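Participant: Dropping a prediction and its sequence here:
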Number of protein chains: 4
Amino acid sequence: MIKAGIVGGSGYTGVELLRILAGHPAVKITAITSRGETGQKVSDLFPSLRRRVDLAFAAPDEAALDQCDVVFFATPNGVAMQQAAALTKAGVKVIDLAADFRIRDVAEWEKWYGMTHAAPELVAEAVYGLPEINREHIRKARVIANPGCYPTAVQLGFLPLVEAGVVALDHLIADAKSGVSGAGRKAAVANLYSEVTDSFKAYGVPGHRHLPEIRQCLSHIAGGREVGLTFVPHLVPMVRGIHATLYARLTREVSEAELQAMFESRYAGETFVDVLPAGGHPETRSVRASNMCRIAVHRPQGGDTVVVLSVIDNLVKGAAGQAVQNMNILFGEEESLGLTALPVSP
Amino acid sequence: MIKAGIVGGSGYTGVELLRILAGHPAVKITAITSRGETGQKVSDLFPSLRRRVDLAFAAPDEAALDQCDVVFFATPNGVAMQQAAALTKAGVKVIDLAADFRIRDVAEWEKWYGMTHAAPELVAEAVYGLPEINREHIRKARVIANPGCYPTAVQLGFLPLVEAGVVALDHLIADAKSGVSGAGRKAAVANLYSEVTDSFKAYGVPGHRHLPEIRQCLSHIAGGREVGLTFVPHLVPMVRGIHATLYARLTREVSEAELQAMFESRYAGETFVDVLPAGGHPETRSVRASNMCRIAVHRPQGGDTVVVLSVIDNLVKGAAGQAVQNMNILFGEEESLGLTALPVSP
Amino acid sequence: MIKAGIVGGSGYTGVELLRILAGHPAVKITAITSRGETGQKVSDLFPSLRRRVDLAFAAPDEAALDQCDVVFFATPNGVAMQQAAALTKAGVKVIDLAADFRIRDVAEWEKWYGMTHAAPELVAEAVYGLPEINREHIRKARVIANPGCYPTAVQLGFLPLVEAGVVALDHLIADAKSGVSGAGRKAAVANLYSEVTDSFKAYGVPGHRHLPEIRQCLSHIAGGREVGLTFVPHLVPMVRGIHATLYARLTREVSEAELQAMFESRYAGETFVDVLPAGGHPETRSVRASNMCRIAVHRPQGGDTVVVLSVIDNLVKGAAGQAVQNMNILFGEEESLGLTALPVSP
Amino acid sequence: MIKAGIVGGSGYTGVELLRILAGHPAVKITAITSRGETGQKVSDLFPSLRRRVDLAFAAPDEAALDQCDVVFFATPNGVAMQQAAALTKAGVKVIDLAADFRIRDVAEWEKWYGMTHAAPELVAEAVYGLPEINREHIRKARVIANPGCYPTAVQLGFLPLVEAGVVALDHLIADAKSGVSGAGRKAAVANLYSEVTDSFKAYGVPGHRHLPEIRQCLSHIAGGREVGLTFVPHLVPMVRGIHATLYARLTREVSEAELQAMFESRYAGETFVDVLPAGGHPETRSVRASNMCRIAVHRPQGGDTVVVLSVIDNLVKGAAGQAVQNMNILFGEEESLGLTALPVSP
C-alpha cells in the first residue's frame, strides 16, 4: 500500500483528494494536516466522509509526513516550496496541487505570485504533471507540479493543433469558464451563493495567473517558439466544471475531417481524454466527478478559424484526480487505478 | 457474473442503474431496452457513459430478457406487471423500481394509480424491498417491489419510533422535499430549468401516490395498527436529494438522549443508515450519488414533539442504489458490493 | 418628499431598500451609512444601482440622520436600540428591520439574542409592524419593529385560523424554508455557493430566534392564550423566497370550503395578501421581487389536519418591502406607493 | 393611452411583455392571444400576474388586433410575416420579437430559417429596432424587427470599435453565453432543470441563426464592408442574462484609455447603455429584470487584441424591454417610460 499524506486537507481540493484516495485500492491515507482545523475529525468537517475516513486533522508540524511514500500539497500557493526539499531528502515524493513548481522562470513566477520563491532549485527539477505530455518524466520525478485547472483544459484542447503546427501561435484565444468550486472553500463575499447564482461574469481580464502557465506549456509543445495568448476566465453559476472554448487560426488548409482525425489519433491511447465524434458539443456534466477530459473540434462555416471545446471537472482532472493519476504513474500502478468511477449525471 | 437486464433504460433511474451496474464487479449488463430509443447507442444518449457502456437500446420485445439472471424495471408504472409473470416463470428475478408491486391492497393500488392491475397474484407474492426491514424476505423473493424515494426516506426516519411504540400513530406528519430529478426525464413545462430555478413550492397536498405506500408500511411496522399520516411533498431547486422532516407526538416520556440511543441501536448494524450525533442536521449533499441515508433526531425545547430529519439521494437509496442493494441480497453477494463509492461533495 | 436615511446599507436588506426607495415617487434618500464601506460610492458596491443612486456611504456618526423624516435600520441586531431614542427625540421616525424591538418581554429577548437591551422603554412603546394586524397602531408609532421574514410568512398563514379559534393552539407546526439571501451578505463558509447548491438541510431545530417572535404574536392574536409551536427552518438553494408549510389540528368541524372562505374574507381588503383559489400551491417565484404574500389552505383527505402554504419574498414582504409599506402608513401615503412593481418571473 | 395587443403571450417573452406593459403608465393591454391557451385566464398560467392582469387568452382569429395601436408578436418565427401586412394596412404598428423581418436578404433568411418568406415586401420596409443605431428610422416605421438577444449584446459591444474603424473586420470573434430562458417556455428534454443545472456547454458551433443577423448589422455599421465573424453561443445554468465576450484585433495603435473614451463618448447620451469604468467586469445580475446593457472594454497586457464584455437581460433589453423601448419611440413617448424599474439584485 502507498502511504499517502495530505497537507492542507480542509479545502475543496483536499476533500476531493480524500474522496478519491479513500476509495483507492492501493493507498492508505496515513496523515492529514490543517492549520485551521487541528484536532477536528475530518468527517466532522466533511460529513460525506463519515464512516469511511476515520482521521483527525493534525497540526502541520506534528504529522509524520516523512513516513509517507507520497505527500500531496492541497495548500495555498507558497506552502509546498517551504517543505518540499526536506521531504524529497527523506525520500518522499511530493505532488503539489498549488502553483509553486509550475513556472520554470522563477522571476516570472515571483512577478505573478507576489512572493520570493523558497526553493528555486526544485523548480528546475520539478516535472509538470500533465501525463498526456510528460508521462515519461513523471515516472522518475521527485517533485510533481500538478497543473492548474484552466491550464489542463486549455492545453489538452490546443495540444494536437500546436503539435501539428497548423495554427498561428501569435494570436491564440482561450475563453474559459469555471464552476465556483475553483475559487476554493474560503469565506469571501464574492463567492456567496447569493452573489454567484443566476449571474455570469468574466474576471481577471487584465491578467490571470494561469496565463503564464499556459503560455509556457504551449510554447514548450511548440518547440520553444513564443506563443501569444489572450486568456479570459469567467465564473459560471455551477459547482464543478471547466469549459474552455479555444480559437486558433489555421496557417494552412486542413479540412474538418482532418482536424477530427488529428485529435482522435493524438489521444487514441489516452484513458482520460475522449474525443467526441465530429460535430459534438461536450458538456461539463458529462465529466462531473470523473477524471475525464472530453474534447470536440470544429471549423465553423469552413472558415480558417478552428474552434475547440474542452471540458473537465476542475476538482478531478483539474486537481485531485490528475494528482492521483500522477501518483499512479510515479508508483508504477495502472494509470487509472482508483479513478474509474463513472461521471455522475444528472 | 450476474447477468442483468434493464427495461426502460432511458430515464434518470435507468442511467443511474447503468452508472452503478457498469462499475459493479459482479454484474454484466446483458440487455437494455427502450421503446423510444431503439437502436440508439446508450452512450449517445448519455455521454457520461462513453467508453464504459457499449450497448445499444433494444426494442422491448427483442431483448433476450429471459436469459438474464435479474431484470430491473426502470419503467413507468404499469409496465412491470405485464411482464413479471413470464420472467419469474423463466427463473429470472424481477426488481421493479416503479410502483406496480408496492401496495398489497390491489383495490387501493388501482384507485391511486388509475389502472387495472395485470398481475394481482404477484402482488401477493412480491416482497417490499426495504432491506432495513425486510432483509430476510428479500433473500428468497422472486419479485421485489423497490420502494419509492419519499417512502424510503420517511420510513427509515419513523421506523425506530414506531417500532418502539413511543409516538402517537394517528397524527404523523411528513413534510418532505425532493430534488427535481424525481420528476423524471420527460419533457414537461413544469420541470423546465426556468420554471424550477430560484423557486420552491409544495405539490400534491390533496393526495400523493406515496401516501398509501408509506401508510401501509408504517402500519405494518406498527403490527397492523392504523396510521394517520399527513404527507406534504415539495419541489426543491436541486437535482438530487430528498429531505424528510418528520413530526410525531410522544405518548410517554422519552428523553432526547434516549431517542438518540434508540436510533443508534436500531441502525447499529446497517451499512447504509448513518445516525448523526445528537443535535445534527443532515444535508442532502452529504449523501449525493451514494446509497447512504443519514438521520438525526431532535426533541425541540423539551416538548412532546419529536422531529426527525432524514436524507437520501432519491436516485440512489431512493431508487437505483437500493435496487442494487436488493440484487446483492438476492444473489448472496456482500450487501454493499458496487455501492461503496463515496458521496460527491461539493 | 419624505427624507429617508438608511443605517447599514451594505447588506442585502440595505440594497433592497435602496432598490425600492430609489423608485419610490414620494421619497428622497438623503443619507446612508455603513461602517465598513465609509466613503465608497453605493453604486460601486452595487453596480445594479449605477446611474440611479448617486450616494456614498457615510460614517455612522457623520450622517445627518436627525435631519431625516424616517430612518431605516438595516443593521445587525443590537444597533438600532442604541440610536433609536435620540432619533425619536429629534422627531425622526424609526423603522428597525432587525430584531431589537420585536419581543415585548425584554428578558426573553435578552435570552435569545445574548445581549443586554439598551432601550427597554422603547420596546414597550414600539409597534410591531405587520400591517395586516396592526395597521392602526402603526399609523401613530414612533418606533416600528419590522417583523422577521419567517414570522411574516408564518403569521399571515396561521392568522385566519387563530382569529377564528378553530385550531388547537398547543401543537402548531411551522415547517419553513428560506432562500439563502436570508443569511445576509457576510463572508461565511456555510453560505458559499459551493456549500449551498444542490443541497437542502434543516437548521436551528433546537431553537431559532424567530420562534419566540412567532409565538408571541400568535398568542397576541389568540387573545393572550399560550401557543405551543414547533418551528423548523430549512435552507433552500435559491436566493429569494420563503415558503412556510403550516400544520394545525381542527378543534371543530370546518369544511375545506369554509376554510377557503375564512381566508378569503380575512384578507379581502389586503393589497399584499393574495389567497389562491381552492386547491392551489403557491410558489415562491410568483412573488419574487414583490411585496406580495400568496396563501393556500388545504384539508387533505378530509382529515382534521389543516395545511396552510404561505409564500413571500424574504427581502421584500419579509424585510425591505414591508418596511416601506410601514413607512407609507406612517406618513399617510397610499399603502402600496412605490411597491407596485410586478413579480419577476421567470 | 396606447392600445397594445400581444400575439403569442404564453411564452417567456410574452409574460415579460405583460410584466412590463402592465406597469407602463401610457399603455392599456387590450388583446392577448395564444393558440394553445385559448380561454384560459392569463393569471392562471402566470400566477405572478394575479390581481394585476385581468385578461384571458383569445384565439388568434378572434382578438380584435386591428383595433390596437400596436401589436407585439411574441410568437415563433414565421407567424408575424403572415399577419403583418393586414395589420399595417389597418394602421396598426407591428413590433415582431421573432426573426421574420431581421434579415434583409430574403434568400439568406429562407436558408437559415427553413421556410419561404410570406411578406418579402415588408422585409424591405421593416426597420431593425436597435435604438442605439436606428432611432430615427424607428420613429417612422410601420414594422419593427426587434433584434435577437445575442445580436443586441454583441452589436452594442462591437459598435464603437466598428464605427471608429480601428479593428480588423475579417476575424471578429463573439463568444456568447445565455441563460436558459432564451430557449423559451416549451417542453423539451434538453431544457429540463436536471439537464441544465451544474453544467455548461457550447451549442450551434457549426452555425446559429443569430450569426447572419449579427454579420449583416455589423457590416451595415461598417459602411457595407464584409464582416468575418466566428460566433459561439453557450448555455449557462441561469434563468436570465446574456454575456458576450468579444475579441477583435486592432489595426492601429489605440491605447486602453482611448478605447475607454471611445466607448464612453459613443454611449454618452444613451439611457440604456452603461459603460463601466476602466478595468470593469460587468455581471449579468447587475442588469437582471432591467433594460440596461453594461459594457467594459479591455486591452489585456497591452497586446493588439481588444476584449469587450457586454451584458444584458435577454428577456428585457434582449426582447420585451427593447420592444417597449421601440414602442415608446414610435409613439413619441419618453424612451424610458415604463422601463425605469431598477435591476433586481441579488
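Facilitator: Thanks, I have the structure now.
Participant: only C-alpha atoms for contact and neighbour calcs from this point on.
Facilitator: OK.
Participant: contacting residues for residue A:98?
Facilitator: Applying Cα atoms under 8 Å, 6 or more residues apart in numbering or on different chains to residue A:98 gives the contacts A:73, A:74, A:75, A:76, A:77, A:80, A:145, A:146, A:148.
Participant: Likewise for residue A:235?
Facilitator: A:177, A:178, A:179, A:180, A:200, A:201, A:202, A:203.
Participant: if we go to 7 Å?
Facilitator: A:177, A:178, A:179, A:180, A:200, A:201, A:202 (Cα atoms under 7 Å, 6 or more residues apart in numbering or on different chains).
Participant: For the closest residue in space to residue A:273 that isn't next to it in sequence, give me the pLDDT.
Facilitator: Leaving aside its sequence neighbours, residue A:273 sits nearest to residue A:293 (Cα to Cα, 6 or more residues apart in numbering or on different chains; 4.8 Å). Here the pLDDT value assigned to residue A:293 is 98.
Participant: Same question for the one 4 residues further on.
Facilitator: In the predicted model, residue A:297 carries a pLDDT score of 98.
Participant: Correct me if wrong, but it is in a strand.
Facilitator: Yes. Assessed by DSSP: H, G, I helix; E, B strand; the rest coil, residue A:297 belongs to a strand.
Participant: Chain B contacts on chain A?
Facilitator: Residues of chain A found near chain B (Cα under 7 Å from any Cα of the partner chain) are A:19, A:23, A:47, A:48, A:286, A:287, A:289, A:341, A:342, A:343, A:344, A:345.
Participant: export those to CSV and tack on distance to residue C:62, pLDDT and neighbour count?
Facilitator: Formatted as CSV, the residues of chain A next to chain B follow (distance: Cα to Cα, whole Å; pLDDT from 0 to 100; neighbours: other Cα atoms under 10 Å in any protein chain shown):
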residue, distance to residue C:62, pLDDT, neighbour count
A:19, 53, 98, 22
A:23, 59, 96, 20
A:47, 47, 97, 21
A:48, 49, 97, 28
A:286, 55, 98, 27
A:287, 55, 98, 29
A:289, 52, 98, 28
A:341, 60, 95, 18
A:342, 60, 97, 22
A:343, 57, 98, 20
A:344, 55, 98, 20
A:345, 55, 95, 24
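Participant: These: which two are farthest apart?
Facilitator: The distance between the two most remote of these (Cα to Cα) is 25.5 Å, for A:47 and A:286.
Participant: related to what we said a few turns ago, and the contacts of residue A:235 near chain C, which?
Facilitator: residue A:180.
Participant: Once you drop chain neighbours, what's closest to whichever residue of the stretch 1-150 of chain A sits closest to chain B?
Facilitator: Scanning the stretch 1-150 of chain A for the residue nearest chain B gives residue A:48, at 4.3 Å (criterion: Cα to the nearest Cα). In space, and not counting its chain neighbours, residue A:48 is closest to residue B:286: 4.3 Å by Cα to Cα, 6+ apart.
Participant: distance of residue A:113 from residue A:208?
Facilitator: 10 Å (Cα to Cα, to the nearest Å).
Participant: let me fix that: residue A:77
Facilitator: Distance from residue A:77 to residue A:208, by Cα to Cα: 14 Å.
Participant: residues in contact with residue A:138?
Facilitator: Contacts for residue A:138 (Cα under 7 Å, 6+ apart) come out as A:127, A:129, A:326, A:329, A:330.
Participant: by contact count, what packs against the host helix or strand of the third one?
Facilitator: In other words, residue A:326. According to DSSP states H and E, residue A:326 maps onto helix A:321-330. With contacts taken as 3 or more Cα pairs under 7 Å, 6 or more residues apart in numbering or on different chains; DSSP states H and E, helix A:321-330 sits against helix A:131-139.
Participant: and the helix it packs on, which residues are buried?
Facilitator: Neighbour-count burial for helix A:131-139 flags A:131, A:132, A:135, A:137, A:138, A:139 (criterion: 16 or more other Cα atoms under 10 Å in any protein chain shown).
Participant: Pop the domain breakdown of chain A in here.
Facilitator: Domain segmentation of chain A under automatic domain parsing yields A:2-125, A:150-314.
Participant: and residue A:261, helix, strand or coil?
Facilitator: When classified by three-state DSSP, residue A:261 comes out as helix.
Participant: Next up, the contacts around the residue of the stretch 1-150 of chain A closest to chain B.
Facilitator: Per Cα under 7 Å, 6+ apart, neighbours of residue A:48: B:286, B:287, B:343, B:345.
Participant: what's the second one in contact with, if anything?
Facilitator: This points to residue B:287. A:48, B:293, B:312, B:313, B:343.
Participant: Got the phi and psi for residue A:232?
Facilitator: With angles defined as degrees, to the nearest 10, residue A:232 sits at phi -120, psi 110.
Participant: That one: what's its closest spatial neighbour, skipping adjacent residues?
Facilitator: Closest to residue A:232 by Cα to Cα, 6+ apart is residue A:175, at 5.0 Å.
Participant: how close does residue A:234 get to chain C?
Facilitator: Counting by Cα to the nearest Cα, to the nearest Å, the gap from residue A:234 to chain C is 15 Å.
Participant: Let me know the pLDDT of the closest residue to chain C within chain A.
Facilitator: Nearest residue of chain A to chain C: residue A:193, at 3.7 Å (Cα to the nearest Cα). Residue A:193 is assigned 98 on the pLDDT scale.
Participant: I figured it was touching residue C:195, is that so?
Facilitator: No. Under the criterion of Cα atoms under 7 Å, residue A:193 is not in contact with residue C:195, lying 8.1 Å apart.
Participant: Tell me which of these two has more neighbours.
Facilitator: Higher neighbour count among residue A:193 and residue C:195: residue A:193, with 27 against 19, using other Cα atoms under 10 Å in any protein chain shown.
Participant: Can you give me every residue that contacts the more buried one?
Facilitator: C:180, C:191, C:192, C:193, C:196.
Participant: Spit out the contact partners of the last one.
Facilitator: Contact analysis of residue C:196 by Cα under 7 Å, 6+ apart lists A:193, C:237.
Participant: any idea how far it is from residue B:191?
Facilitator: For residue C:196, the distance to residue B:191 - Cα to Cα - is 21 Å.
Participant: ok, back up a step: so the residue nearest to residue A:48 sits in a strand?
Facilitator: No. Under three-state DSSP, residue B:286 falls outside any strand and is assigned helix.
Participant: Give the closest residue to the residue in the stretch 51-200 of chain A positioned nearest to chain D in space, chain neighbours not counted.
Facilitator: Nearest residue of the stretch 51-200 of chain A to chain D, counting by Cα to the nearest Cα: residue A:198, 4.4 Å away. Spatially, and ignoring its direct neighbours in sequence, residue A:198 is nearest to residue D:238 (4.4 Å; Cα to Cα, 6+ apart).
Participant: what's that neighbour sitting at in phi/psi?
Facilitator: Dihedral angles (degrees, to the nearest 10) for residue D:238: phi -150, psi 160.
Participant: Ok, residue A:167 next?
Facilitator: phi -120, psi 150.
Participant: burial of it, as a residue count?
Facilitator: By other Cα under 10 Å, neighbour count at residue A:167 equals 22.
Participant: right, and it touches residue A:248 too?
Facilitator: Yes. Judged on Cα under 7 Å, residue A:167 makes contact with residue A:248 at a distance of 6.0 Å.
Participant: now the helices for chain A?
Facilitator: Assigned by DSSP state H, the helices in chain A fall at A:12-22, A:42-45, A:80-89, A:106-113, A:120-125, A:131-139, A:149-164, A:193-196, A:210-221, A:256-266, A:321-330.
Participant: coming back round to it: same list (the contacts of residue A:48) but as a markdown table, adding distance to residue A:259.
Facilitator: Below are these laid out as a markdown table (distance: Cα to Cα, whole Å):
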| residue | distance to residue A:259 |
| --- | --- |
| B:286 | 43 |
| B:287 | 42 |
| B:343 | 39 |
| B:345 | 37 |
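Participant: Just list the residues touching the closest residue to residue A:167 other than its chain neighbours, thanks.
Facilitator: Leaving out its chain neighbours, the residue that sits closest to residue A:167 by Cα to Cα, 6+ apart is residue A:250, at 4.4 Å. With contact taken as Cα under 7 Å, 6+ apart, residue A:250 is in contact with A:166, A:167, A:168, A:304, A:305, A:306.
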